[in-house]
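>>> predicted model, plus sequence, below.
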Amino acid sequence: MDDNKKTPKFLEENSFIYFILTIVIIAIFIIERMYYYAGIFGLILIIITAITLKRQITNEKDFKKYIINYTKNIENLSVNSFYNFPTPICVIGNQGKLFWINSKFNELVGENIENLENITGFFSDFPIDYLEGKQDGIINNIELPEVGRNFNIMFYELEEGKFGEGNSYVLYWIENTAYTILKNKYNDERPIAMLIQIDNYDEISEKMDKGEKSAMTAEVEKILNKYASEMNGFVLKYDTYRFFMMIENKYLDALESKKFSMLEDVKGLKNDADYYFTLSIGVGAYSKTLAQLVEYAKGALDVSLGRGGDQAVVKRINSVKFYGGKSKAVEKRTKVKARIISYALRQIIDQSSNVIIMGHRVGDMDSLGASIGLYSIARSRGKKSYIVLNNVNYALKNMYERIKVEDSHYLESIIDTETALSLVEQNTLCVVLDTHRGSYTEAPELLTNVEKIVLIDHHRRSEEYIENTLLDYIEPYASSTCELVSEIIQYMDDHIKLTKFEADALMAGIVVDTNSFTFKTGVRTFEAASFLRRNGADTVDVKQLFNDSLDAMKKKTEIIDKSEIKYGDIAISYIDEIADDSNVIAAQSADELLTIKDVVASFVLVRNEDYINISGRSIGNVNVQVIMEYLGGGGHLNMAGAQIQTTDMEEAKAKLYEAISYYKEESVNK
C-alpha cells in the first residue's frame, strides 16, 4: 500500500479488514455468476459502511467535546495553581506596568494593591532597565525595607504582544529573608584583627624616666581596652609597645567613620614636656581564614609604618584604605637599620651577575642622584651596572650635560627600557629607587622579567606597591632617597671612594627634595650632607645644577602673578601651555608661593598632553600628601603631587578645590 495515500478513518483498524473480506466475497460471487448473492453482500457492504461512517462521525464529535472540556480544566487548573502559588508572582510590561498578580503578591503589597498600577509604586528602585533584552534571568538581593523582607527575583520574557504592546515579563519573587539575616549576622560577627604599635616609642622614651614611660604606656593600653570593650573585643599586649586587638566586624564602619579616633585620643596623652605617643594601626578584614586575617593586619601595619606612622591602614581582600597620617613622620635617630640594609644589599649585589638601576619616570635630581650613588656601590663590588633613563627631561638637563663633560663613562651605562630588557640574565638584580609603585618606574616591564628586586624609597607607602622584593628600605622620615643611599654607602665598606661628581649628584638630590634644606630636614639629613661634603661635594657646583634660563624665571614670575589665594591661606596657580620645562617650573613656583605671607600651602597645575599635573607644597600646617591622595597621587606632608586624567584646566581646578574642601572638613571634624 502506498504510505502517502491515507486510509479513510472509517476504514481503519477492524473496519478495513471487514471491508476487504466483503469485497473479496462479492468478487467471488460475480466470478461464479452468483449475482443474487453478490447483490445481497453488496447491500450488506453499503449498510456496514454507512453504520461505520456514522459511528466515526459520532466518535469524532465526542472526542472533540472531550478535548475541549479537558483543555478548559487544564487551563483552569493552571490559572488556579498560578494564582494560589505559595510564591508571589506578577506580570509586568517593559515600563513596569502591572498586568496580573497572584494572591501571594497581593498579600505582599497589602492594602495599597487597589491603587497600584506600576511595579515602581511598590518598589521604587526596581531595576526595570535590567530586564530589557533578556529572555530570562535572576535579580539578586532585592530588599524591601517596608515589609522587612528580602527576595531574589526570577524573570521570564513572555511572547511579544501577550499583554498589550511591547514585551512583558513574569516575575517570581523567591524569598531569601532567612538567608540574608543569617548572612548579615555572620558578617557582623566576623572577627577583625588589629595590630597596634606605638611607632615613636624609642624616640620619645629616651626623653622620659622609667616611671613616666610606664605610666604613659599604661594609659595607652587603657584607651585601647576602652575601645575594645565597646566593640565586643579584647586587647592583648604582647610586647612593651605592641598590642593585638580583635573586634567584631559590625563596629569597623563606625571606626572608619570616626577616622580611628583612638589615634587622636592617644596623642592627647602628653607629659609635662608635651611629649606624646603616636600609634600605627594595621587592620585585617574580610579574609578567608584567621591566619590570612593576621597576615592582612601585618601587611597593613607595615604600610602604616612605611607611611610615617600616626595612622591606621585597613586592608581588605581587594582594597587598602588610610586614616590619619596628618602629622610629620618622626625621624629615626638610630642608624641600626641603615647598617643592616647596607650589609644585606652588599650580599645581594655580590650574588648577582649584573645590576640594573632605575628610578621613577619623568626623573628628577633625587632619582638620578640616588641611581648614580647606587651605581658607585655596584661598581665597587666589581659588578657591571646600568641606569635606566629613557628621556632626559628639563630637570635633568644640567646634570646630563655635566655627565658628558666630567664623567662621560656614565653615558655608556645609561640605557633605555629596550636595552635593559635585553641585558636581563638569570641572576640580574634590579634596584628601584625613589618610588615604590611599579607603574611609576622607568621600565615597569623590567619588574616582571627579573627575579631579584631591591627597593629603596622615602615616600609614604601607597596602595600600589612592588611585591616580592628581596629587600625593601622605605623610610618616610628621610628627606630624600639620596640621603638613604648616602647612609648605605657609609656602612657598605671602606673601598667605596665617591668621585666629586657622584658626591655632587647625591647632594643635589637632597637639596631638591628639601628645597635647599628648608623642609623635611632632620639631623641625619645634615649628617649625610656632611659625609658628601667630606667626599668632595661642592655647594656652589651643586647650586649651578639648578640654574635656570631667563625665560624660565619669567615663567615663574607669571605663575606667581596670576596666583589666587583660596580658603584664606592656600595659593593656587597654573600653567596652561605645554612645554618641556613646565613640570619643573610648576614645582619651583609652588615652592616660591610659600614665601608669600600667611600662605601655608600652594598648588600649581600644569597642562600636559594627556593629563594635568599638580605640584603641592606646604610649610607643615596642611598635609598636601593627603590632599593629593584624594586625587590619586601621593608624596609627603610638605611635598606631593598628582595627575588628573583630563585636559580641561577648569575641571582639574574644580577637582583640586573639592579635595582641599574635603580635607579641611575632615580636619575640623576629626
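Happy to help now that I have it.

>>> okay, now the closest residue to Ile44 other than its chain neighbours: neighbour count?
Nearest residue to Ile44 in three dimensions, chain neighbours excluded: Thr22, at 6.7 Å (Cβ to Cβ, 6 or more residues apart in numbering). Glycine gets a C-beta too; all of them are placed from N, C-alpha and C. Per other Cβ atoms under 10 Å, the neighbour tally for Thr22 reads 17.

>>> please, which helix or strand holds Thr22?
Per DSSP states H and E: Thr22 is located in helix 13-31.

>>> can you confirm Tyr323 is in a strand?
Yes. Looking at Tyr323 with DSSP: H, G, I helix; E, B strand; the rest coil, it is inside a strand.

>>> ok, it touching Gln311?
Yes. Look at Tyr323 against Gln311 with Cβ atoms under 8 Å: they come within range, at 6.1 Å.

>>> okay, those two: which has more neighbours?
Gln311 (25 against 22).

>>> helices of the stretch 401-550 of the chain, residue ranges please.
409-413, 417-422, 444-447, 481-492, 500-514, 523-534, 539-544, 550-561 (DSSP state H, counting those that start in this stretch).

>>> out of these, the one nearest Asp364 is which?
Among those, the nearest to Asp364 by Cβ to Cβ is helix 500-514 (6.3 Å).

>>> tilt between the closest one and helix 523-534?
Put simply, helix 500-514 runs at 150 degrees to helix 523-534, going by axes from the mean of the first three to the mean of the last three Cα atoms, to 10 degrees.

>>> and for Tyr323 and Gln311, which residues touch both?
Common neighbours of Tyr323 and Gln311, using Cβ atoms under 8 Å, 6 or more residues apart in numbering, are 260, 263.

>>> low-confidence regions, the stretch 1-150 of the chain specifically.
In the predicted model, the stretch 1-150 of the chain carries pLDDT under 70 at residues 1-19, 62-79.

>>> can you tell me the closest non-neighbouring residue to Ile113?
Nearest one to Ile113, counting by Cβ to Cβ, 6+ apart, is Asn106 at 5.4 Å.

>>> just Gly268 next, same as before
Using Cβ to Cβ, 6+ apart, the closest residue to Gly268 is Tyr276 (7.4 Å).

>>> distance of that neighbour from Ser385?
45 Å (Cβ to Cβ, to the nearest Å).

>>> packing partners for the host helix or strand of Tyr186?
Using DSSP H and E, Tyr186 sits in helix 177-189. Applying 3 or more Cβ pairs under 8 Å, 6 or more residues apart in numbering; DSSP states H and E, we find helix 177-189 packed against strand 149-157.

>>> average pLDDT for the helix or strand following the strand it packs on?
Using DSSP H and E, the helix or strand that follows strand 149-157 in sequence is strand 168-175. If you average the pLDDT over strand 168-175, you get 90.

>>> can you check stretch 411-418 too?
On average, stretch 411-418 scores 91.

>>> what lies in contact with that stretch?
Taking Cβ under 8 Å, 6+ apart as the rule, stretch 411-418 contacts 375, 385-390, 403-404, 423, 442-443, 445-446.

>>> may I see these arranged in JSON lines, with neighbour count as well?
JSON lines is the format used below for those (neighbours: other Cβ atoms under 10 Å):
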{"residue": "Tyr375", "neighbour count": "22"}
{"residue": "Ser385", "neighbour count": "21"}
{"residue": "Tyr386", "neighbour count": "21"}
{"residue": "Ile387", "neighbour count": "24"}
{"residue": "Val388", "neighbour count": "25"}
{"residue": "Leu389", "neighbour count": "25"}
{"residue": "Asn390", "neighbour count": "17"}
{"residue": "Ile403", "neighbour count": "20"}
{"residue": "Lys404", "neighbour count": "10"}
{"residue": "Leu423", "neighbour count": "15"}
{"residue": "Glu442", "neighbour count": "25"}
{"residue": "Ala443", "neighbour count": "23"}
{"residue": "Glu445", "neighbour count": "12"}
{"residue": "Leu446", "neighbour count": "22"}
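
>>> how about Ser353: what's its closest non-neighbour residue?
Leaving aside its sequence neighbours, Ser353 sits nearest to Asn427 (Cβ to Cβ, 6+ apart; 4.1 Å).

>>> hmm, the one you found is touching Ser352, no?
Yes. Counting by Cβ under 8 Å, Asn427 does reach Ser352; the two are 5.2 Å apart.

>>> show me which of the two is the more surrounded one.
Using other Cβ under 10 Å, the more surrounded residue of Asn427 and Ser352 is Ser352, with 25 against 12.

>>> identify the residues contacting the closest residue to the more buried one other than its chain neighbours.
Nearest in space to Ser352, with sequence neighbours left out and distances taken as Cβ to Cβ, 6+ apart, is Leu429 at 3.8 Å. Counting by Cβ under 8 Å, 6+ apart, Leu429 makes contact with 348-349, 352, 354-356, 450, 452-454.

>>> got the angle between the helix holding Tyr186 and strand 149-157?
Using the same axes, to 10 degrees, helix 177-189 lies at 130 degrees relative to strand 149-157.

>>> residue contacts, Gly324?
259-260, 263, 310-312.

>>> give me the subset of the residues you listed lying in helices.
Leu263 (DSSP state H).

>>> for the most centrally placed residue in the chain, give me phi and psi.
By Cα atoms, centre = their mean, the chain has its centre lying nearest to Ser319, at 5.2 Å. Per-residue torsions, Ser319: phi -150, psi 150 (degrees, to the nearest 10).

>>> state the distance from it to Glu463.
With Cβ to Cβ as the criterion, Ser319 and Glu463 are 8 Å apart.

>>> pLDDT weak spots in the stretch 301-450 of the chain?
325-334.

>>> if you set the cut-off to 50 instead, what comes out?
Scanning the stretch 301-450 of the chain for pLDDT under 50 picks out nothing.

>>> for it, what spans make up the strands?
Here the stretch 301-450 of the chain has its strands, by DSSP state E, counting those that start in this stretch, at 311-315, 320-324, 354-358, 384-388, 414-415, 429-433.

>>> can I get those strands in JSON lines with distance to Gly632?
Compiled in JSON lines, the strands of the stretch 301-450 of the chain are given as follows (distance: least, Cβ to Cβ, whole Å):
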{"stretch": "strand 311-315", "distance to Gly632": "17"}
{"stretch": "strand 320-324", "distance to Gly632": "13"}
{"stretch": "strand 354-358", "distance to Gly632": "22"}
{"stretch": "strand 384-388", "distance to Gly632": "25"}
{"stretch": "strand 414-415", "distance to Gly632": "30"}
{"stretch": "strand 429-433", "distance to Gly632": "20"}
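
>>> and these: which comes nearest Leu98?
strand 320-324 (43.3 Å).

>>> pull the number of nearby residues for Glu157.
18.

>>> how close does it sit to Lys104?
22 Å.

>>> repeat that for Ile572.
In terms of Cβ to Cβ, Ile572 sits 61 Å off from Lys104.
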